[in-house]
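Asker: Using only what follows, build the 3D model:
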Amino acid sequence: MEKKLTSGVFRGRPFGGVAILIRKALACCTTLITNVDRLIIVKIGNVYVINVYLPDSSVCNRDDIVSDICGQIEANVSFTADTFVTLGGDFNLEFADGKSCSKDFDSFITDNDLVICDSKFGDNRTMQGTHIAMSHVVVVHG
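Answerer: Okay, the predicted model is just below:
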């Protein structure tokens, strides 16, 4: 690892991060809400777009990191009737029967009235028949 850290630009694992690309035409109505190691939130009009990179099961304090990221989202996003939320990214969570392996993540989904709309969960979990393709799982509100 020492050699890797001193060899130049960091690429690939474990040096990944998160990003959201915005079309130039939307720049005038886009606000960066927060950008930290594993989380970025932008607001485009009344739509929050969130990208996360949750730790995999090999990370010893995984539950704490997931809880912290969910808390950061709740602190920065207004889950109201007049806003829409799209949350995507690499969740690194195992899902079964609509639940993840993280109690904190499941509580976050339930508490904020979010819906998992990834095709793996079937048509009854999609939002108005809309399928949004991002890495792994997409969760929506609105």
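Asker: now the strands for this protein?
Answerer: Secondary structure of the chain (DSSP state E): strands at 30-36, 39-44, 47-53, 84-90, 95-96, 99-100, 115-116, 137-141.
Asker: Adding mean pLDDT, write these out as CSV.
Answerer: Written out in CSV, the entries for the strands of the chain read as follows (pLDDT from 0 to 100):
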stretch, mean pLDDT
strand 30-36, 96
strand 39-44, 96
strand 47-53, 93
strand 84-90, 88
strand 95-96, 64
strand 99-100, 67
strand 115-116, 78
strand 137-141, 62
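Asker: For those, could you give me a markdown table that also reports distance to Ser78 and mean neighbour count?
Answerer: Bear in mind the C-beta positions are built from the backbone N, C-alpha and C, glycine included. Putting the strands of the chain into a markdown table (distance: least, C-beta to C-beta, whole Å; neighbours: other C-beta atoms under 10 Å) gives the following:
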| stretch | distance to Ser78 | mean neighbour count |
| --- | --- | --- |
| strand 30-36 | 10 | 13 |
| strand 39-44 | 9 | 20 |
| strand 47-53 | 8 | 21 |
| strand 84-90 | 9 | 21 |
| strand 95-96 | 27 | 12 |
| strand 99-100 | 24 | 18 |
| strand 115-116 | 18 | 18 |
| strand 137-141 | 10 | 20 |
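Asker: among these, which is nearest Val77?
Answerer: Using C-beta to C-beta as the measure, strand 47-53 is the one of the strands of the chain that comes nearest Val77, at 5.0 Å.
Asker: That closest one versus strand 84-90: what angle between them?
Answerer: Our comparison of strand 47-53 with strand 84-90, counting by axes from the mean of the first three to the mean of the last three C-alpha atoms, to 10 degrees, yields an angle of 20 degrees.
Asker: could we number from 37 for the rest of this?
Answerer: From this message on, residue numbering opens at 37, which makes the last subject strand 83-89.
Asker: List the residues that contact Val113.
Answerer: 69, 77, 84, 86, 119, 121 (C-beta atoms under 8 Å, 6 or more residues apart in numbering).
Asker: What residues are bridge-paired with the nearest residue to the fourth one once chain neighbours are set aside?
Answerer: Residue nearest to Ile86 in three dimensions, not counting chain neighbours: Leu123, with 4.4 Å by C-beta to C-beta, 6 or more residues apart in numbering. Beta bridges link Leu123 to Ile86, Val175, judged by DSSP bridges.
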